[in-house]
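**Q** Return atomic coordinates for the entry below.
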Amino acid sequence: MKLLRPLPRRVTRPISLLVLCAWVATMAILIHRSFIEASSGNLATDLARYGQTAQWRGVYYRNEKIGFTVSQTVQADDGFELQEDGRLQMSLLGAQSVVTIRTTARVDRDFTLRSFDFSLDPGTGGTKVHGEASGRRLHLVVSTAAGSRTQDLELAEPPVLTLNLARRLADAGLAPGAHYEWTIFDPATLTNTPIVLDVAKRELVGVRGQRVPAFRVETAYAGLRTTSWITDTGEVVLEKSPMGLETIREKPAEARSMAVPSRVSEDLLSASAIVPAGKQRIVEPRDVRRLRLRLTGADVPSADLGGVGQTVDGDVVEIRDPQGFQPEAADPDVARYLEPEPLIESDAPEIRAEAAVAVKNITAVRAQAERLTRHVNAILDKKPTISLPSAREVLRTKVGDCNEHTALYVAMARALGIPARIAVGLVSVRGAFYYHAWPEVYLAEGRRRGMWLPVDPTLNQFPADGTHLRLARGGLDKQAVILPLIGRLKIEILDLETAPNTTPIVVGRRSTDDSPLSITIPTRAPGDCWSEAPERRRRRR
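**A** A predicted model of the protein is given here:
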């Protein structure tokens, strides 16, 4: 079984630099919520439906254009149809990722949602969501190239999409001092989320050399605060969001001509990396046995911060190496981590079949969990992807970053009867912390004892190393709590304990290796997961 063997450190370390795209799905949520709900399919054909009254906007990241959106409202016999399309191109660890998104919503004359169609396509087939609303009830059909699943939701309030939010705000009244608290349904996470809007005074805002009168509106949504300038008729002329993202009203030709630059110099993943302060440095994450960190600069959600190797004392988190975990009292809530979910299709025949192949002739639960880690790592190409990761679609395309690895692992583990769940947070790579996602798998010892163990199929680690800092658990709806942390969270290493016979690096100590940093790019080789580049192998001979 050469294909499934653990990889040596000289290979996994450079691989980790290429696949730490943990917050890509989070980034997709951020862009989706802040700016667009736009397109799969032929973009030129999609844009042909937009007339002279359509509103075009450029999307920028740190002053560099990364895409555009276009939207319009079309009158129907019994209400309106709201349409929006767009395209984004982003740099993720040097690779260019192009995403098209589309939303069409049908509303009545009071702009109450009746139905919608949403799609997000990163170039591998994409995910489509169709919803039919009746009061507080919502019937959903989630489709990928691998198949479709249905889900019925009973919401606390009738669903509203961000697509018609500005128009609804204009109808409700744009007056200084106005305060609104509504609930928005997000097709990307299939959840209702509260939104708070405060209207400030009307002011002249500069947009492409023009001074446009518009109301400044402060919005708080899922922990994010955005500032928008909205005209009396509900047109958003400028919007600024966290991490340097903003949209600006533009003419159609200007919006489209700059939408796809030849190179996007800003790398979203590199920009989100957190270089820790403190006198000690993490050189080899697998050698870390205990790690104490101080988290400052942002309010870190506390619901999932403690437990499973992490203890919390104020703003200090201590992480223990999972290699030393021992079984404890059984988790009484573990059964719910065996159930299928809309994007964790553990009951799908192809997922069950692949899981059986992965653990063939393996009976012990811990050995099955480890074999599954190696199997998922081996069958997926490591590529940054902006998507709504569906386990079935990941198995079909066999492409993805840590979100895809994690979704597939969790689905396959549940298919085998092993409870598993998604963890998201940060992990140390080459001296910096990157946003990341990984599974936690439950290993039972009889009916009264067991333990949750973090594993990392993306980095081929069983168990995961002791630098995995968990911030939240769950799907995209739960992962959204990370959004307010990006660009604000600071980390200080207070204490670092490594394995015997290893020496932590202390800032100020002269390095014993003054050679230039050289990172080998791994490549596929027949009969193996990854191998070093041919040039490196030739130099060693």
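**Q** List phi and psi for the nearest residue to Ile248 once chain neighbours are set aside.
**A** In this structure, Ile248 finds its nearest non-sequential neighbour in Gly58, 5.2 Å apart by CB to CB, 6 or more residues apart in numbering. C-beta coordinates here come from the backbone N, C-alpha and C atoms, glycine included. Dihedral angles phi and psi of Gly58 (degrees, to the nearest 10) take the values phi -90, psi 140.
**Q** Direction included, what does the top strand by length along the chain pair up with?
**A** Longest strand of the chain, by residue count under DSSP state E: strand 191-207. If you go by DSSP bridges, strand 191-207 pairs up with strand 179-186 (antiparallel), strand 210-221 (antiparallel).
**Q** mean confidence score for that strand?
**A** Averaged over strand 191-207, pLDDT sits at 88.
**Q** Then stretch 248-259?
**A** Stretch 248-259 comes out at a mean pLDDT of 80.
**Q** Could you do stretch 356-364 as well?
**A** On average, stretch 356-364 scores 95.
**Q** Using CSV, list the CA coordinates for that stretch.
**A** Provided in CSV are the C-alpha atoms of stretch 356-364 (Å, rounded to 0.1, in the frame of the first residue of the first chain):
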residue,chain,number,x,y,z
ALA,A,356,-15.2,0.9,2.2
VAL,A,357,-12.3,0.9,-0.3
ALA,A,358,-10.3,3.2,2.0
VAL,A,359,-10.4,0.9,5.0
LYS,A,360,-10.5,-2.5,3.3
ASN,A,361,-9.2,-5.2,5.6
ILE,A,362,-8.9,-2.7,8.5
THR,A,363,-11.2,-3.4,11.5
ALA,A,364,-9.9,-1.3,14.4
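**Q** Tell me which residues touch Pro252, please.
**A** Contacts of Pro252 were listed using CB atoms under 8 Å, 6 or more residues apart in numbering, and they are Tyr50, Ala54, Trp56, Val70.
**Q** So of those residues, which two are at opposite extremes in space?
**A** Taking CB to CB as the measure, those span a maximum distance of 8.2 Å, between Tyr50 and Trp56.
**Q** Now list whatever residues contact both of those two.
**A** Val70, Pro252.
**Q** ok, these two, which is more surrounded?
**A** Trp56 (22 against 18; other CB atoms under 10 Å).
**Q** Which residues does that one form beta bridges with?
**A** Val70, Glu250.
**Q** now Trp452
**A** Counting by DSSP bridges, the residues bridging with Trp452 are Tyr442.
**Q** ok, back up a step: only the buried residues of the longest strand of the chain, if you could.
**A** The neighbour-count check on strand 191-207 (16 or more other CB atoms under 10 Å) flags Thr191, Asn192, Thr193, Ile195, Leu197, Val199, Arg202, Val205 as buried.
**Q** Please state the offset of it from the chain centre?
**A** Put simply, strand 191-207 sits 25 Å off its chain's centre (CA atoms, centre = their mean, to the nearest Å).
**Q** what sits up against it?
**A** Taking CB under 8 Å, 6+ apart as the rule, strand 191-207 contacts 155-157, 159, 165, 169, 174-186, 211-222, 229, 237-238, 248-249, 477, 480.
**Q** ok so, going back, want to try CSV for the strands paired with strand 191-207, with mean pLDDT and mean neighbour count as columns?
**A** Output for those, formatted as CSV (pLDDT from 0 to 100; neighbours: other CB atoms under 10 Å):
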stretch, mean pLDDT, mean neighbour count
strand 179-186, 84, 16
strand 210-221, 90, 17
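**Q** will you turn these into CSV that also has distance to Glu440?
**A** Formatted as CSV, the strands paired with strand 191-207 follow (distance: least, CB to CB, whole Å):
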stretch, distance to Glu440
strand 179-186, 25
strand 210-221, 28
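**Q** closest one to Leu343 among those?
**A** strand 179-186 (13.7 Å).
**Q** Pass me the low-pLDDT residue ranges in the stretch 201-350 of the chain, would you?
**A** 242-243, 258-271 (pLDDT under 70).
**Q** Look up how far His139 lies from Ala54.
**A** Distance of Ala54 to His139, computed by CB to CB, to the nearest Å: 30 Å.
**Q** Between those two, point out the one with more neighbours.
**A** Between Ala54 and His139, counted using other CB under 10 Å, the more crowded position is Ala54 (17 against 14).
**Q** can you give me the strands in the stretch 201-350 of the chain?
**A** Counting by DSSP state E, counting those that start in this stretch, the stretch 201-350 of the chain has strands at residues 210-221, 224-230, 236-240, 245-250, 280-281, 288-296, 310-313, 316-320, 328-329.
**Q** can you check the stretch 401-541 of the chain too?
**A** Applying DSSP E, counting those that start in this stretch to the stretch 401-541 of the chain gives strands spanning 420-429, 432-445, 449-454, 469-473, 490-498, 505-506, 523-525, 528-531.
**Q** Of all those, which one is nearest Arg371?
**A** Closest among these, using CB to CB: strand 432-445, at 11.8 Å.
**Q** Report the angle between the closest one and strand 449-454.
**A** Relative orientation of strand 432-445 versus strand 449-454 (axes from the mean of the first three to the mean of the last three CA atoms, to 10 degrees): 160 degrees.
**Q** how far out from the middle of the chain is strand 432-445?
**A** 15 Å.
**Q** Can you check what angle separates that strand from strand 288-296?
**A** 120 degrees.
**Q** got the buried residues for strand 432-445?
**A** 432-444.
**Q** tell me which of those is nearest to Ser143?
**A** Closest to Ser143, out of all of the buried residues of strand 432-445 and judged by CB to CB, is Ala437, at 23.3 Å.
**Q** what are the bridge partners for Ala133, then?
**A** Beta-bridge partners of Ala133, as defined by DSSP bridges: Leu138.
**Q** Correct me if wrong: it contacts Val107.
**A** No - using CB atoms under 8 Å, Ala133 makes no contact with Val107, being 9.5 Å away.
**Q** Name the residues contacting each of the two.
**A** With CB under 8 Å, 6+ apart as the test, Ala133 and Val107 both reach Leu113, Arg114.
**Q** Could you list the low-pLDDT ranges of the stretch 1-150 of the chain?
**A** 1-46, 90-97, 124-125.
**Q** The same query, at a cut-off of 90, please.
**A** Residues of the stretch 1-150 of the chain meeting the criterion pLDDT under 90: 1-55, 57-80, 82-114, 116-129, 131, 133-138, 140-150.
**Q** And the closest residue in space to Val59 that isn't next to it in sequence, how close does it get to Val99?
**A** Once flanking residues are discounted, Val59 sits nearest to Gly67: 4.3 Å by CB to CB, 6+ apart. Remark: distance between Gly67 and Val99 (CB to CB) = 8 Å.
**Q** and if you look at Gly431?
**A** Counting by CB to CB, the gap from Gly431 to Val99 is 30 Å.
**Q** Looking at those two, which has the bigger crowd around it?
**A** Val99 (27 against 12).
**Q** The more buried one and Phe116, how far apart?
**A** For Val99 relative to Phe116 (CB to CB), the value is 19 Å.
**Q** Next: Gly466.
**A** Noted for Gly466: a distance of 44 Å to Phe116, by CB to CB.
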